[in-house]
Structures are given as structure tokens and as C-alpha cells.
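Trainee: predicted coordinates and the sequence they were generated for:
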Amino acid sequence: MADTVIGIAGRDFVIMAADKARARSIVIMTNEEDKIMDLEKNKLLGASGSPGDCSQFCDLIQKNLNLHRFKTDVPLSTSAAAHFTRNQLAIALRKSPYQCNLLLGGFDENEGASLYYLDYLASLQKMKYGAQGYASYFVLSILDKDYNPDLSVDDALTLLHRCFGELQQRFMINSPNFIIKVVDANGIRLVEQQH
């Protein structure tokens, strides 16, 4: 739960950020972990929770979405991918639950940008912005106050940097490094973090 994943959906893009620290107990294992997985060319899956569960579950989703595309020659929409992901969490919940909370965002030509919030109990909700992990206690008030559906990518980046500043000032688990990705009509791109 000390992981941080933040997502913001604009009119024609989704921007997602995650801290790059991977820790266990009091030890930081690495500061270079990418917690946002690229799904196909137009979807992002950000994961927060147990490292093994997040890695294994995200791989399962990525491989199954690719398999569906290879078998049918039709990629799933972001909404369909979110519902498939929720179904996989629900199936696992009754057997061996995955301890991971997710944000799934993407861009579809017909539907535009969309962001979905999923938790380890397999609940699913479409949102305009969201956060996973303890950081949500700090950043959701900023997003509530300053989110606007007409945000540009630059405005969303500014909003993310305000969230990072709040975390660095108030959150006792300091995560100085974040990875930021944007998905839009042109696909997925990595945004360099400015310090």
C-alpha cells in the first residue's frame, strides 16, 4: 500500500504516474521499478500492492489481451479490457486472491479516453481521476479541487507535480522518483520528470 499510482483522464488522453520505489519492510530494493505496464498500444495498467502479485497479475492481463487480439484480430476496447481484468480478479478472489489495486487507462478511437479504478476485491468504477495506495489520502483532495475535464496534457502534468510536491512534503514514505506515461491517439509515450 506504500506504492503510489495516480491517473488522470482528459478529453483525449490519460496520464498515469507511479513511484519507482520497490521496498519490503524497511529496505528499499530499487528506485527504478516501472509499475505502469503497457497493454497493447493504447492502454496502461498501473498496479499498487504486493510486488509478486502485481507482477504476476499484470503479466496475466497483458498476455491474455494479446492472445485475444491474436485469436480474433480485434483488440479489446479499454472498457472491455477493464471488465476482463475485473473478471480475472473476481475469479481469483474465490481461490487465491491477488493483493493488487489497479488503475487501467486507455484511448479508443470511438470512445475517447477512459480511466478505470479496480481494487483487490474486484470492484470496478470508471473515473475521471484516481489514486491507489496510501498516497490517495494526500492527492485526492488536490485532484478534487483542481481537476477539469478540459485539461491539456501540460495542465495534467502540472497537477501531477503538485501531487508529487504534496507527497514529498507530507507523506512519511518519501518517493522522490516517479515515472509518468501518457496514452492518447498517438499511442503510449513516456514523459520525462522534471525536478
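Mentor: Perfect, thanks for sending it. Numbers count the residues shown, from 1 in each chain.

Trainee: contacts and neighbour counts: CA atoms only from here.
Mentor: Will do.

Trainee: tell me which element residue 89 falls in.
Mentor: Per DSSP states H and E: residue 89 is located in helix 78-93.

Trainee: what comes up buried for that helix?
Mentor: Residues 78-79, 81-86, 88-90, 92 are the ones in helix 78-93 that count as buried (16 or more other CA atoms under 10 Å).

Trainee: which residues are in contact with that helix?
Mentor: Contacting residues not belonging to helix 78-93 are listed as 43, 61, 65, 97-98, 104-108, 114, 116, 118, 120-124 [CA atoms under 8 Å, 6 or more residues apart in numbering].

Trainee: next, residue 50: phi, psi?
Mentor: phi -60, psi 130 (degrees, to the nearest 10).

Trainee: ok, which stretches of this structure are strands?
Mentor: Taking DSSP state E, the strands of the chain run over residues 5-9, 13-19, 22-24, 27-30, 36-39, 43-49, 100-108, 112-118, 124-127, 129-132, 178-184, 187-191.

Trainee: let me know the pLDDT of the most centrally placed residue in the chain.
Mentor: Most central in the chain under CA atoms, centre = their mean is residue 46, positioned 2.7 Å from the mean C-alpha point. What the model reports as pLDDT for residue 46 is 97.

Trainee: where does pLDDT dip in the protein?
Mentor: 1, 174, 193-195 (pLDDT under 70).

Trainee: beta partners of the residue lying closest to residue 37 once chain neighbours are set aside?
Mentor: Counting by CA to CA, 6 or more residues apart in numbering, residue 45 is the residue found nearest to residue 37 once chain neighbours are left out, at 5.1 Å. Beta-bridge pairing for residue 45 (DSSP bridges): residue 37, residue 104.

Trainee: returning to what we had before: which residues sit in contact with the residue nearest to the centre of the chain?
Mentor: 5, 16, 18, 35-37, 102-104.

Trainee: most neighbours out of those, which is it?
Mentor: Ranked by the number of neighbours (other CA atoms under 10 Å), these place residue 16 first, at 31 neighbours.

Trainee: count the residues that sit near the nearest residue to that one once chain neighbours are set aside.
Mentor: In space, and not counting its chain neighbours, residue 16 is closest to residue 7: 4.3 Å by CA to CA, 6+ apart. When counting by other CA under 10 Å, one arrives at 31 neighbours for residue 7.

Trainee: roughly how far apart are residue 7 and residue 56?
Mentor: From residue 7 across to residue 56, the span is 21 Å (CA to CA, to the nearest Å).

Trainee: so which bits of the lengthiest helix in the chain are buried?
Mentor: If you go by DSSP state H, the chain has its longest helix at helix 51-72. The neighbour-count check on helix 51-72 (16+ other CA under 10 Å) flags 51, 53-55, 57-58, 61-62, 65-66 as buried.

Trainee: nearest to residue 173, of those residues?
Mentor: residue 51 (16.9 Å; CA to CA).

Trainee: state the distance from the closest one to residue 57.
Mentor: 10 Å.

Trainee: likewise residue 93?
Mentor: 12 Å.
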